[in-house]
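J.: Sequence below, structure please.
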Amino acid sequence: MSNSTVRSPTDYVDSVSVSYSAATVNALRRLVGNTGPRGILARGGLTSSGDASRNAGGHLVELQGNLASPAVEWIDWERRIARLAAGATLAEINSQLSKQGWFLAAVSADAQTTLGAAIATDSSGLGRGPRGSIAAAASALEIVDGRGEIERLSGEDHTGPMFRATVAGLGLTGVVTSVEARITPISTTWMKLDTFRCPDWAATLAQCNLSSTTHPYSYAHIDLTARGDAVGRSIVQSGAHAGLKDVPDTRRGDALAFDLEPTNPGRGMTDRSPRWLQRTLARTAFSAEASHDVGLTPASRFFHPDTVSVSPLGPGRHNPPAVRYLACVPDDHVELLVEILHRIGALGCAAPVGTLRRHNAQSPGYLSAIIRGWSLEIDCGPPSLALGATLDELDERIAEVGGRVGLATDSRLRPELLEQMYPQLPEWQSIRRDLDPARVFNSDLARRLEL
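T.: Have a look, this model is predicted:
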């Protein structure tokens with residue numbers, strides 16, 4: 001029986017880090033060469049309360065200047081590859097790409113995360129194949145390693161050991177300064193959206209499986225207020241890039257505009273709404289009868305639902321969360337996710353809405369949580385002994401079936417489970433020693449898990 005607990009973001013108040021910025025590669029190399037005993041970490045706009053984005057008593061660095069702008073350095077139209085600034089946010093990159101009729105092949109939910117941070121954490125995309133994770137869409141990286149050297153890592157076939165160690169490497173093998181990534185052609189920044197209301201877990205799985213074969217992008221909002229037979233009910237959103245002919249005449253003049261602001265927010269909840277209101281609105285949204293609706297939505301709203309300031313479903317998350325729990329399980333153990341919904345639901349500490357994704361391929365990153373199967377992301381809080389003990393038990397169940405708990409948002413996983421979840425950990429550690437022999441790059445996560 002575990003006696004662990006989880007920590008609140010307020011537990012870090014006294015854990016001060018010194019922040020720096022680097023506008024050029026040479027400035028970054030100087031910072032790397034003159035860091036203190038607690039090391040340095042590139043944070044990249046991450047807002048998670050997880051230990052991977054913290055370096056208590058050490059240094060943090062943000063990429064600015066030439067490392068953030070221009071967001072798009074060049075586009076190879078024939079190969080469908082773009083060279084991108086690692087310090088630019090995903091929103092900035094897609095805003096510039098879309099003006100030229102392109103879009104990132106893989107996009108994660110957090111629009112304000114930098115591309116470098118998305119690579120270092122291997123943020124989950126919404127699509128299948130190369131759209132399934134940021135790392136899967138990358139074809140080459142340039143990094144500054146722990147010796148201050150510039151390394152070019154090829155990822156065309158995703159077999160290079162240093163490339164696989166750096167994507168999902170949590171910033172511990174080097175700081176990514178530029179990325180060559182796959183892009184997809186678009187004629188508008190609108191999405192053709194199919195919305196399916198699913199009354200229970202079986203219907204949700206069936207629709208997610210179907211959508212993963214019929215739509216380039218798909219994910220499910222899971223109702224975390226549901227109990228009994230309704231556990232697992234959801235709203236599955238499946239999308240594809242809309243063509244110009246699909247967009248009303250009134251929208252064709254700005255059909256390639258990428259805007260994070262909602263076009264018609266209406267009424268709903270925000271992350272500042274009282275919890276009772278969030279739960280009530282979420283319960284109302286999910287309790288409608290099973291249905292299938294078709295429509296158009298801006299790409300910014302589809303890919304980044306948490307940036308919509310007011311909506312019927314989102315954000316619906318703790319901000320910041322005490323724990324953002326990412327559970328990934330293989331196909332043949334998807335029913336473990338139902339147990340997670342029941343166990344966390346019984347504690348009454350989850351945010352109203354979770355996210356379920358289907359993954360058709362495993363990420364190339366050694367420490368990526370994304371495996372072929374399913375992932376469920378839940379925000380929990382406030383911290384308690386009961387929550388800590390429950391998550392410890394669920395960690396063990398996940399490890400037993402060959403699943404993984406995501407490290408990028410973790411603040412509580414026990415070190416003894418790490419290698420069972422991540423069997424390629426020894427290979428990653430060997431490459432880390434080569435790229436950063438003095439352990440210049442460090443974080444609270446690296447110290448806690450003895451990475």
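J.: How about T24, nearest residue that isn't a chain neighbour?
T.: Distance criterion CB to CB, 6 or more residues apart in numbering; nearest residue to T24, sequence neighbours excluded, is N66 at 5.2 Å. All C-beta atoms are positioned from the backbone trio N, CA, C, and that covers glycine.
J.: is it true that the one you found lies in a strand?
T.: No. N66: not assigned to a strand; according to DSSP: H, G, I helix; E, B strand; the rest coil it is helix.
J.: How about the contacts made by it?
T.: N66 makes contact with A23, T24, V25, A85, according to CB atoms under 8 Å, 6 or more residues apart in numbering.
J.: Share the number of residues neighbouring the closest residue to the first one other than its chain neighbours, please.
T.: By that I understand A23. Take A23 and drop its neighbours on the chain: the residue closest to it by CB to CB, 6+ apart is G65, 2.6 Å away. Residues near G65, counting by other CB atoms under 10 Å, number 13.
J.: got the contact list for G65?
T.: S21, A22, A23, T24, G87.
J.: next one: T297
T.: By CB under 8 Å, 6+ apart, the neighbours of T297 are W190, M191, L193, G239.
J.: switch the cut-off to 6 Å
T.: M191, L193 (CB atoms under 6 Å, 6 or more residues apart in numbering).
J.: Next, work out how far apart it and G101 are.
T.: The gap separating T297 from G101 is 19 Å, by CB to CB, to the nearest Å.
J.: Doesn't I378 lie inside a helix?
T.: No. Read with three-state DSSP, I378 is strand and lies in no helix.
J.: Ignoring the adjacent residues along the chain, who's closest to it?
T.: Using CB to CB, 6+ apart and skipping the chain neighbours, the partner closest in space to I378 is G354 (4.4 Å).
J.: secondary structure element for the one you found?
T.: Assignment of secondary structure by DSSP states H and E places G354 within strand 353-359.
J.: Report the helix or strand with the lowest average pLDDT across this protein.
T.: Least confident helix or strand of the chain, by mean pLDDT, DSSP states H and E, is helix 275-286 with a mean of 60.
J.: Walk me through which strands the strand holding G354 pairs with, and which way each runs.
T.: strand 217-223 (antiparallel), strand 373-380 (antiparallel) (DSSP bridges).
J.: Ok, which of the ones you listed comes nearest G406?
T.: Comparison of those against G406 by CB to CB identifies strand 373-380 as nearest, at 7.7 Å.
J.: and the residue lying closest to G402 once chain neighbours are set aside, how many neighbours?
T.: Leaving out its chain neighbours, the residue that sits closest to G402 by CB to CB, 6+ apart is P330, at 5.4 Å. The local packing of P330 (other CB under 10 Å) involves 17 other residues.
J.: How about A140?
T.: Neighbour count for A140, taken as other CB under 10 Å: 17.
J.: burial measure for the nearest residue to it once chain neighbours are set aside, as a count.
T.: Spatial nearest neighbour of A140, chain neighbours left out: E180 (4.0 Å); criterion: CB to CB, 6+ apart. A total of 22 residues lie near E180 under the criterion other CB under 10 Å.
J.: One more: S218?
T.: Summarising burial for S218: neighbours were counted as other CB under 10 Å, giving 26.
J.: surely it meets S238?
T.: Yes. Counting by CB atoms under 6 Å, S238 is a contact partner of S218 at 4.1 Å.
J.: Please spell out which residues along stretch 23-38 are buried.
T.: Across stretch 23-38, burial judged by 16 or more other CB atoms under 10 Å covers A23, V25, A27, L28, R29, L31, V32, T35, R38.
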